[in-house]
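> the sequence and its predicted three-dimensional model are supplied below.
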Amino acid sequence: MIQEVNTNNGNNITYHTSSASLYNTKLMIKRDAIESVIDVGSGFFLSIIIQITIFPLFDLHPTIFENFQIALIFTVVSMTRSTLWRRFFRKRRTA
């Protein structure tokens, strides 16, 4: 498969890709998504369990709903951090 892409400066770049490499890319994206869901989901529930266990030791007594909110904040931060690091290292690998 040949794909031609216009660049901003008017030059055309031609990429030669095979359907196998496109399939492998789609498979890699699917595997990354599954890995992320498992990683984030397990981290979310683990953080709730840790909060319920550890917070009372520091005389903090949030409700279950507040524990979910706190875990959700840390989960979003964790997902963002993981995505940024993954992109950083993939760019370094290809550069």
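Structure received.

> every contact and neighbour count from this point should use C-alpha atoms.
OK.

> can you tell me the helix or strand for the residue most central in space within the chain?
By C-alpha atoms, centre = their mean, the mean C-alpha position of the chain lies nearest to Thr83, the distance being 4.2 Å. Assigned by DSSP states H and E, Thr83 belongs to helix 64-94.

> same for that helix, what does it pack against?
On a contact count with 3 or more C-alpha pairs under 8 Å, 6 or more residues apart in numbering; DSSP states H and E, helix 64-94 meets helix 19-54.

> quick one: the helix it packs on to helix 64-94, angle?
Note on geometry: by axes from the mean of the first three to the mean of the last three C-alpha atoms, to 10 degrees, helix 19-54 and helix 64-94 are set 140 degrees apart in direction.

> now do helix 19-54: which elements does it pack against?
In terms of contacts (3+ C-alpha pairs under 8 Å, 6+ apart), helix 19-54 is packed against helix 64-94.

> so how far is the helix it packs on from its chain's centroid?
Centroid displacement of helix 64-94 relative to its chain, using C-alpha atoms, centre = their mean, to the nearest Å, is 6 Å.

> buried residues in it, which are they?
Buried residues in helix 64-94, counted by 16 or more other C-alpha atoms under 10 Å: 67-68, 70-72, 75.
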